[in-house]
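**Student:** Compute the structure for the input listed below.
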Amino acid sequence: MQPESVLELMNRFQEPELRPWLTALAMPPGSQGLDVGCGMGLYALWLASVVGPRGRVVAIDPSSERIAESGATLENTPESKWITLREGSGVTLDEPDQHFDWVWCSDVLHHIDEAVRAVAEFKRVTRPGGTIYIKESQVLPALLLPGHLDLERQLQRADVEFQKREAGVRSFQERRQRTYETLLEAGLSDIRVETRIVQRQAPLDEVAKRYIQKAIFDRTWGPRIREWLSDAEWEERCAICEAESPHAILRRRDYYCLYPVTLFSARV
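**Tutor:** Just a heads-up that it's a prediction; the model follows:
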């Protein structure tokens, strides 16, 4: 496992709010569920702790490397006994009809070009009365540079332009915001949307510091978006976001951030 990867940092950053949230969902002890795009296996671990030893979690990912990382995450944990890991695509699930009580997909659907087809597959493998959960971070943009509204808007705009190189005409954020539409197009109607805010303030814990600095400031708002910023905007970004800058915002005693996480759920 790579503890400093963006995915790992994001999950750890959100963990204090998300783990209690998972416990409150319709995933009763003894239920069987599917984790689509399990990544490094943290959600599979958390989901398994919710369903307990009488339950079952099947965790799939199209990347053999991610499956190996998931195995490392789950190694020597009690929950590993009721988790099955395997390679698999969310667009063509290798499971029978009406097999699971619930399906979980976290921060993955916006990466799937055939999102409607994928959700239709989620629906196919879910039993009547079961639930499909699509979790997406930053359907609403986060507030990470309090007091620097114009700069943060420009950084977000530049990131959207960068994303279009991979995502196409619709950026990943637009895809996230169209999740409700995707669920409807896949034939689901009983849909709920709930958003919670991950809040952090100075003094930041180490996980929050590493996530914001490495995942957001250094990567998302790093050199990859330079071409969409003016020289003045880039200079201001460096002064505020670079860890070694004397004006680095994460050093401020009055720093805080608001980071939205949205859960779309649909009853089958």
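
**Student:** Strands along the stretch 101-250 of the chain, start to end?
**Tutor:** Under the criterion DSSP state E, counting those that start in this stretch, the stretch 101-250 of the chain contains strands at 126-137, 190-201.

**Student:** can these go into CSV with extra columns for mean neighbour count and mean pLDDT?
**Tutor:** (Glycine included, C-beta is placed from N, CA and C.) Below are the strands of the stretch 101-250 of the chain laid out as CSV (neighbours: other Cβ atoms under 10 Å; pLDDT from 0 to 100):
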stretch, mean neighbour count, mean pLDDT
strand 126-137, 20, 97
strand 190-201, 14, 96
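
**Student:** mind putting those strands in a markdown table, distance to H111 included?
**Tutor:** Shown next, in a markdown table, are the strands of the stretch 101-250 of the chain (distance: least, Cβ to Cβ, whole Å):
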| stretch | distance to H111 |
| --- | --- |
| strand 126-137 | 11 |
| strand 190-201 | 20 |
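
**Student:** Looking at these, which is nearest to P16?
**Tutor:** Set against P16 and scored by Cβ to Cβ, the strands of the stretch 101-250 of the chain come closest in strand 190-201, at 7.9 Å.

**Student:** Just give me the neighbour total for the closest residue to Q213 other than its chain neighbours.
**Tutor:** Leaving out its chain neighbours, the residue that sits closest to Q213 by Cβ to Cβ, 6 or more residues apart in numbering is A243, at 5.6 Å. A243 has 12 neighbours, counted by other Cβ atoms under 10 Å.

**Student:** What of the one 10 residues further on?
**Tutor:** Around R253 there are 7 other residues, counting by other Cβ under 10 Å.

**Student:** isn't the residue nearest to Q213 right up against L250?
**Tutor:** Yes. Applying Cβ atoms under 8 Å as the test, A243 and L250 come out as touching, 7.4 Å apart.

**Student:** okay, now the closest residue in space to Q32 that isn't next to it in sequence: neighbour count?
**Tutor:** Sequence neighbours aside, R56 is the residue nearest to Q32 in space, at 4.4 Å (criterion: Cβ to Cβ, 6+ apart). Counted with other Cβ under 10 Å, residues neighbouring R56 total 17.

**Student:** residues touching R56, list them.
**Tutor:** Q32, G33, W82, I83, T84 (Cβ atoms under 8 Å, 6 or more residues apart in numbering).

**Student:** how does it look with 10 Å?
**Tutor:** Applying Cβ atoms under 10 Å, 6 or more residues apart in numbering, we find R56 in contact with G30, S31, Q32, G33, L34, A48, W82, I83, T84, F100, D101.

**Student:** Leaving out sequence neighbours, find the closest residue to S31.
**Tutor:** S31 sits nearest to D101 (Cβ to Cβ, 6+ apart), 4.0 Å away.

**Student:** Likewise for L258?
**Tutor:** Per Cβ to Cβ, 6+ apart, closest to L258 is L143, 4.3 Å.

**Student:** Likewise for A248?
**Tutor:** E242 (6.3 Å).

**Student:** Repeat that for L93.
**Tutor:** Nearest one to L93, counting by Cβ to Cβ, 6+ apart, is E121 at 4.7 Å.

**Student:** Can you report how many residues neighbour that neighbour?
**Tutor:** 21.

**Student:** Got the confidence number for it?
**Tutor:** Note on E121: pLDDT of 98.
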